[in-house]
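Novice: the sequence and its predicted three-dimensional model are supplied below.
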Amino acid sequence: MPQHYRHVMLAVDPSEASRHAAGWAADHGVITAACKVSLVSVVPSPPLAPMAPGIAGMGGLTSTAGVAEYEKEWEATRKVHGTAVSDVYTDLLTRKCVTPDSCSRVLLDGDGGGGGAVADPLVSYAKAKQVDHVVVGSRGLSALKRGLYSIIGLGSVSDYIVRHAPCPVTVVPLVDHAASVPTPD
């Protein structure tokens, strides 16, 4: 029998792993119409944000066109994340495991860095809103790939959340483990 939570946060992004985790939470009774649910997505800024012309000591490294292009990319990224949150919200309403009054949709700003840059705002939100359970998807990267990504400044969002969240965290892998189990002859 699933535990009943007061406030569950679903970390949402545009990935298949995120949609899978939301569906898993609905299917396994982690989220119900009786609890508050926050669908939270962190919108990372595009990497290598340009310096605006006239910043002291920078000598106008980037043209106004560069700043406009950056802002255009930022807005496009916000739209993609907003659509992902709306899609999960609609799915959960259809499944009748949330109501419009029990489910909030939140977009937070992140930066262009690695896993901590996206995960830290999620952890901060969980702390500030006294979330008592977090559900996050995972693409199922191997330890080797996670290690390689960390060398270049990318990190696992789910790993960071597990280490820093103020409450229990369920990491839902995208990999279908049942499909990898051999069936008896």
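Specialist: Okay, I see it. Numbers count the residues shown, from 1 in each chain.

Novice: and A25, how far is that from A117?
Specialist: A25 is 24 Å from A117, where distance means C-beta to C-beta, to the nearest Å. C-beta: built from backbone N, CA, C; applies to glycine.

Novice: helix or strand right after the helix or strand that contains S124?
Specialist: Following DSSP states H and E, the helix or strand that holds S124 is helix 115-128. Next along the chain after helix 115-128, taking DSSP H and E as the criterion, comes strand 133-138.

Novice: tell me the buried residues in the top helix by length along the chain?
Specialist: Ranked by number of residues, the top helix in the chain under DSSP state H is helix 64-94. Residues of helix 64-94 classed as buried: 70, 74, 77, 81, 84-85, 87-89, 92 (neighbour count, 16 or more other C-beta atoms under 10 Å).

Novice: just the closest of these to V169, please.
Specialist: V88 (17.7 Å; C-beta to C-beta).

Novice: grab the nearest non-local neighbour of that closest one.
Specialist: Distance criterion C-beta to C-beta, 6 or more residues apart in numbering; nearest residue to V88, sequence neighbours excluded, is A22 at 4.7 Å.

Novice: off-centre distance for the helix or strand hosting that neighbour?
Specialist: In the assignment (DSSP H and E), A22 maps to helix 16-27. Centre-to-centre, helix 16-27 and its host chain are 12 Å apart (C-alpha atoms, centre = their mean, to the nearest Å).

Novice: oh, and call the first residue 871 from now on, that's how I've got it
Specialist: Sure, I'll start counting at 871 from here, so that last one is helix 886-897.

Novice: give me the angle between it and helix 934-964.
Specialist: 30 degrees (axes from the mean of the first three to the mean of the last three C-alpha atoms, to 10 degrees).

Novice: could I get the following helix or strand past helix 886-897 in CSV with only the CA atoms?
Specialist: Next helix or strand after helix 886-897 toward the C-terminus (DSSP H and E): strand 906-913. Provided in CSV are the C-alpha atoms of strand 906-913 (Å, rounded to 0.1, in the frame of the first residue of the first chain):
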residue,chain,number,x,y,z
LYS,A,906,-0.8,18.7,-3.2
VAL,A,907,1.3,18.2,-6.3
SER,A,908,3.9,20.6,-7.8
LEU,A,909,5.0,20.1,-11.3
VAL,A,910,8.3,21.9,-11.3
SER,A,911,10.7,22.5,-14.3
VAL,A,912,14.0,24.4,-14.2
VAL,A,913,14.6,26.4,-17.4
